[in-house]
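> coords below, sequence missing:
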């Protein structure tokens, strides 16, 4: 009897231990789920969208410099070749346009020799001292200066003057791009680039996808789990043409893309933040080029504040019914303090909304 009772008690203890073990495993599982849910709640995946050359990558670079430990993800040395390529490509664009406008100085042997040298370079050629001298002479020439005044009629990078004025540095033996150089470097985004950084106890993942037409088919792969959309528009694009199609106005392209993208059901409840970039260039352009070039129906004053407000209204009207823009920012992404100010306001809004949801 004693033996049987002992055996029975032992069996009970084993059952108890098993029950405790199962409960302990369940508790760990539940705790893991709760932790994951809390981490997910405090993680903001932000999709950075907009047409090509709107400045999305510049905003990413600034956010990296501001918030990421270690700053820019890429090795700065890789921007040396990018800056060299930017310089040569922009001068080639000017030379082609000068010939088209019949501004080129074919009677000047020095101009012809310099133009021949630059036009003979390929995209991955290393820039030499000889090329730098040719670029500087061409940039100072009357033919190229006259052509540059008409830059809204052909494609050219909007920071071309920076490259021409600094290209002598780009070929120095120990040249390492500084923060401004990195911001000014233009490398077309292909694929999907995710930049992650912590701010105020929250984790942000900003997803940058290429804005060129050939890259847009990849956007849909990034739509899942998006907490906010940053739409970046080139404010100064109202009187400029696309890289891919010189017959298409950049802002028309951006508006059409904005309208079509936000019809996506996945974005029905996703807050939209609109960043009008390149305000510094817009303020210059509006002095000589009215926005009625892009919006013929515009009858307001040729004044920056009124014109940019009208442009913002066109984006608001392009939204699907019932959809609104949470915030509109006019900025120059080249200026770190302006990017920081805009992002901080958006960050505070997202965190406040997050707390409301509990």
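The structure has been received and is ready for your questions. Being a predicted model, the structure only gives us computed values, none of them experimental.
> so what are the domain limits for the protein?
Split into domains by automatic domain parsing, the chain comes to 46-74+189-348, 78-176.
> pLDDT of the shortest one, averaged?
For domain 78-176, the mean per-residue pLDDT is 95.
> help me confirm that residue 195 is found in a strand?
Yes - counting by DSSP: H, G, I helix; E, B strand; the rest coil, one finds residue 195 located in a strand.
> gap between it and residue 63?
According to CB to CB, to the nearest Å, residue 195 stands 6 Å off from residue 63. For the C-beta atoms, the positions are set from N, CA and C on the backbone; glycine is no exception.
> find the residues that touch each one of the two.
Common neighbours of residue 195 and residue 63, using CB atoms under 8 Å, 6 or more residues apart in numbering, are residue 206.
> what sits against residue 254?
Here residue 254 is in contact with 50, 51, 54, 233, 234, 237 (CB under 8 Å, 6+ apart).
> next, format those residues as JSON lines and append neighbour count and pLDDT.
Listed next are the contacts of residue 254 as JSON lines, based on neighbours: other CB atoms under 10 Å; pLDDT from 0 to 100:
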{"residue": "50", "neighbour count": "25", "pLDDT": "89"}
{"residue": "51", "neighbour count": "26", "pLDDT": "86"}
{"residue": "54", "neighbour count": "26", "pLDDT": "90"}
{"residue": "233", "neighbour count": "26", "pLDDT": "96"}
{"residue": "234", "neighbour count": "25", "pLDDT": "95"}
{"residue": "237", "neighbour count": "28", "pLDDT": "91"}
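> and residue 195 and residue 63? which has more neighbours close in?
residue 63 (23 against 20; other CB atoms under 10 Å).
> pLDDT score assigned to the more buried one?
pLDDT at residue 63 comes out at 93.
> correct me if wrong: it contacts residue 196.
No - counting by CB atoms under 8 Å, residue 63 sits too far from residue 196 to count as a contact (10.3 Å).
> Three-state assignment for residue 135, please.
Residue 135 is classified as helix under three-state DSSP.
> what about it, neighbour count?
24.
> that one reaches residue 161, doesn't it?
No - Residue 135 is beyond contact range of residue 161, at 11.7 Å (criterion: CB under 8 Å).
> what is the neighbour count of the closest residue to residue 115 other than its chain neighbours?
With sequence-adjacent residues excluded and distances taken as CB to CB, 6 or more residues apart in numbering, residue 115 is closest to residue 95, at 5.2 Å. Using other CB under 10 Å, the number of residues around residue 95 comes to 21.
> repeat that for residue 276.
Residue 276 has 24 nearby residues by other CB under 10 Å.
> look up how far residue 49 lies from residue 101.
With CB to CB as the criterion, residue 101 and residue 49 are 35 Å apart.
> got it, and residue 141?
Distance of residue 141 to residue 49, given as CB to CB: 40 Å.
> likewise for residue 58?
Applying CB to CB to residue 58 and residue 49 gives a distance of 15 Å.
> neighbour count winner among those two?
A direct count of neighbours by other CB under 10 Å for residue 58 and residue 49 places residue 49 higher, at 26 against 22.
> my read: that one touches residue 228, true?
No - here residue 49 does not reach residue 228: they are 10.9 Å apart, not a contact under CB under 8 Å.
> now do the strands in the stretch 51-200 of the chain.
Using DSSP state E, counting those that start in this stretch, the strands found in the stretch 51-200 of the chain span residues 192-199.
> try the stretch 201-350 of the chain
Under DSSP E, counting those that start in this stretch, the stretch 201-350 of the chain gives strands at 202-209, 228-234, 272-277, 325-330.
> now these as JSON lines including distance to residue 127?
Shown next, in JSON lines, are these (distance: least, CB to CB, whole Å):
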{"stretch": "strand 202-209", "distance to residue 127": "27"}
{"stretch": "strand 228-234", "distance to residue 127": "27"}
{"stretch": "strand 272-277", "distance to residue 127": "28"}
{"stretch": "strand 325-330", "distance to residue 127": "35"}
